[in-house]
Structure formats: C-alpha cells, structure tokens
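1. Got a predicted structure here, sequence first:
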Amino acid sequence: MPIPIPQLNDRDFTSLMEEVRALIPRYNVRWTNFNASDPGITLLELFAWLCEQMLYRVNRIPLENFTAFLKLLGVEKGEDESLEDAIRRAQQLVNERYRAITAGDYEFLALQRMDELESGLAGRAIVLNNVDLEVVPDPIESLEQITRPGHVSVIVVPRCEGMSATYCDQSAAPLPLPTPALLSEVDALLAERRLLTTRTHAVAPFYLPVQLEAFVVLEPKATADVAANIEASTRAFYNPLEGGPEGAGWPIGRDVYRSEFFQILEGTEGVDYVERIRLAVSGGEGRDANIEVQPWELVNVESVTVNIVDAAESL
C-alpha cells in the first residue's frame with residue numbers, strides 16, 4: 001500500500017473567506033457591507049483565491065523531486081519512460097526481497113539461489129542466528145562453543161532426488177547433503193546481500209545417526225509387508241525435508257521421542273500391539289529413554305529393525 005501524501009494545509013477558498021469575514025469587525029467596525037458587490041469583499045475574494053492556489057502548490061510534489069527520489073532508490077528514469085512507469089518499477093524494486101536482514105530473508109534467498117542453480121534443488125534452508133557452524137570443534141559439546149554474536153549460519157538441505165552430482169553429494173544418498181560447490185554459491189549470494197556487520201556461513205547439515213528397533217505382535221491376518229511399511233513410515237516421519245509433525249521437515253534440534261515411534265508402530269496396518277522398543281545413537285547401546293538432539297542437529301535414521309514376536313511368547 002503506497003504511503004499517503006500528507007496535506008500540509010487543507011484550507012480552501014470557502015474556509016479562507018469565512019475566516020477573513022470574521023476578522024473584519026475586529027479591524028474596522030464601520031465596515032458592515034459583506035455582500036459580494038462590495039469592493040472590499042471582492043478584493044478579499046481575490047486574495048483568498050490566490051492563497052488557495054498557493055496552498056494547492058504546497059501540497060503538490062514537483063516532478064523534479066520525484067526524479068530525485070527515484071535516484072535515491074537506484075532507479076534512473078529512461079528517456080522514453082514515463083514517470084508513472086519509473087515509479088512502478090521503483091515500487092517493484094522496493095518490494096523485492098533483496099537484502100538479507102531477518103532469518104526469513106536468509107531462508108528465502110538461499111532457497112531462491114538453489115532453485116536458480118537447478119530447478120527442483122531447493123529443499124530447506126535452516127537459519128541459526130549468532131552461531132558459527134563453519135569452523136567448529138569436532139565434536140561439538142555445547143552451544144556455547146559455536147556461539148558467535150553477529151554471525152548467521154544457514155544450513156543448506158538440498159532436494160537431491162533426481163538432481164545432478166554438481167550440487168548434491170550422491171555418495172550420501174538417500175541422505176540429502178550439499179556439495180562444496182552448492183555451499184559456495186549460496187554463501188557468495190548471502191555475503192553480497194548481508195548487512196555490513198554480519199558474517200554469514202552456508203554449511204551442510206549435521207546429522208545425528210539413530211537406530212530404532214521395535215518388537216511387535218501382528219494381527220492374525222497381517223500381511224508379510226508389515227515390517228517394510230513400518231520402516232517406510234518411520235523414515236518418512238524423520239525425513240529432513242518432508243518429515244516432522246507438520247510435514248515440513250524434521251525440526252532442527254527436536255528430540256526423538258519414544259511416544260512418537262510407538263505412534264508410528266501402532267498406526268501401521270497389521271500391527272496388533274507393540275511389546276517394546278529400543279532407541280540408540282549409532283555406536284551406542286539401545287535404551288528406553290528418548291534420544292536428545294542438539295540445537296544444530298537433524299536426525300538420520302540409520303536403521304529400522306522390526307522384530308516380529310509370537311503372540312503366545314509375548315504373553
């Protein structure tokens with residue numbers, strides 16, 4: 001919505017005449033004829049008309065000023081271009097999301113650059129403020145180790161299915177990982193669009209490899225593909241691009257909860273009930289507790305093991 005031009009003075013001919021007529025008795029008590037035929041009234045009407053014309057000009061911005069304002073926005077009016085077209089072009093430029101200021105700006109620009117490089121490549125761009133993930137200790141033990149005021153880290157998660165190896169690390173498939181070339185392209189754009197005092201870092205995602213194991217009892221008429229369905233549903237739920245409770249990708253830093261794995265298992269057709277489950281970080285032992293995920297990590301389901309338990313043995 002355009003900004004309305006303020007009225008510096010909204011008085012018109014009628015209001016001016018009412019004001020000067022009211023002032024006549026103050027300065028000349030013998031002036032009693034206020035009809036339009038009176039020469040004095042005629043002069044006052046002439047001056048009111050002139051004043052109204054001056055006020056009209058005060059409330060109008062000269063064309064030269066519009067041209068100067070356009071130059072401040074970096075828009076040069078073309079020789080054959082009308083002023084209206086130049087103003088419309090400037091408005092489009094102002095509305096364009098060019099400068100990276102908010103987290104939403106960084107996400108938008110990163111995804112836009114990914115889609116420009118290869119159609120369909122744009123997956124997710126996760127922005128962490130006041131964090132430097134480019135040069136980090138291995139392993140990261142706490143958020144304080146990577147906290148850097150004025151730094152912005154953008155975690156690039158490309159959509160690698162069907163994409164070229166130029167921008168997607170195909171050796172990590174099906175795990176979506178960007179190549180150094182993609183990170184360089186995104187980082188170059190963000191460095192150009194950032195605020196002067198901000199440092200930007202385009203980095204690959206940090207995946208926490210987890211192993212999930214379930215012991216389930218099947219219904220009598222269950223088909224043989226129950227285990228495959230459980231694995232597919234589990235991997236889809238923890239998918240970094242389309243998983244999570246809202247289907248917009250697994251939220252960064254969100255823990256892996258036992259209750260949600262139970263929900264997946266019990267919602268699979270053919271499963272009678274779940275006897276028990278085990279959650280483990282890769283290389284660790286299975287446990288009954290939830291898996292804690294750090295604020296900079298996504299989840300990589302490394303394995304889903306489904307053990308079919310006989311109902312009689314379970315009882």
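-> Here it is on my side, so go on.
2. H201 touches V136, doesn't it?
-> No - in terms of Cβ atoms under 8 Å, H201 does not count as a neighbour of V136; the distance is 9.9 Å. The C-beta positions use only the backbone N, C-alpha and C, and glycine is treated the same way.
3. pLDDT score for the closest residue to V152 other than its chain neighbours?
-> Closest residue to V152 apart from its sequence neighbours, by Cβ to Cβ, 6 or more residues apart in numbering: T200 at 5.2 Å. Looking at T200, its pLDDT is 96.
4. residue nearest the centroid of the chain?
-> G104 (2.7 Å; Cα atoms, centre = their mean).
5. does that residue count as helix, strand or coil?
-> Following DSSP: H, G, I helix; E, B strand; the rest coil, G104 is assigned to helix.
6. And it, how close does it get to R276?
-> Separation of G104 from R276 (Cβ to Cβ, to the nearest Å): 43 Å.
7. Could you do C160 as well?
-> Counting by Cβ to Cβ - C160 and R276 are separated by 35 Å.
8. Torsion angles phi and psi at the residue nearest to V152?
-> Reported as degrees, to the nearest 10, the phi and psi values for T200 are phi -110, psi 150.
9. Identify each of the strands in the protein and give its residue range.
-> 124-131, 147-157, 199-203, 206-218, 271-281, 297-308 (DSSP state E).
10. Ok, which of those strands comes nearest G244?
-> Closest to G244 of those is strand 297-308 (Cβ to Cβ; 9.6 Å).
11. And that closest one, what's buried?
-> Residues of strand 297-308 classed as buried by neighbour count (16 or more other Cβ atoms under 10 Å): E297, L298, V299, N300, V301, E302, V304, V306.
12. Looking at these, which one is closest to L55?
-> L298 (63.8 Å).
13. Pull the contacting residues for the closest one.
-> L298 makes contact with I155, V157, P205, F206, Y207, L208, P240, W250, I252, according to Cβ atoms under 8 Å, 6 or more residues apart in numbering.
14. Identify the residue nearest the fifth one in space, chain neighbours excluded?
-> Think Y207. Nearest non-adjacent residue to Y207, counting by Cβ to Cβ, 6+ apart: N300, 3.8 Å away.
15. wait, doesn't the one you found sit right on P176?
-> No - counting by Cβ under 8 Å, N300 does not reach P176; the two are 10.0 Å apart.
16. List the residues that are in contact with both of the two.
-> Common neighbours of N300 and P176 (criterion: Cβ under 8 Å, 6+ apart): P240.
17. looking at the protein, which helix or strand is least sure?
-> helix 311-314 (a mean of 63; mean pLDDT, DSSP states H and E).
18. correct me, but R194 touches T200?
-> Yes - assessed by Cβ under 8 Å, R194 is found in contact with T200 at 5.1 Å.
19. sorry, back to before: show me which of C160 and R276 is the more surrounded one.
-> C160 (24 against 13; other Cβ atoms under 10 Å).
20. May I have the residues that are in contact with that one?
-> So C160 contacts G123, C168, D169, Q170, A173, P174, P176, L177 (Cβ under 8 Å, 6+ apart).
21. Excluding covalently adjacent residues, which one is nearest to the fifth one?
-> Computed as Cβ to Cβ, 6+ apart, the closest residue to A173 that is not its neighbour in sequence is C160, at 6.4 Å.
22. Could you do the fourth one as well?
-> The shortest distance from Q170 to any non-neighbouring residue, by Cβ to Cβ, 6+ apart, is to C160 (7.2 Å).
23. Torsion angles phi and psi at that neighbour?
-> In terms of degrees, to the nearest 10, the main-chain angles of C160 are phi -90, psi -10.
24. ditto for A224
-> Here is the backbone geometry of A224 (degrees, to the nearest 10): phi -80, psi -10.
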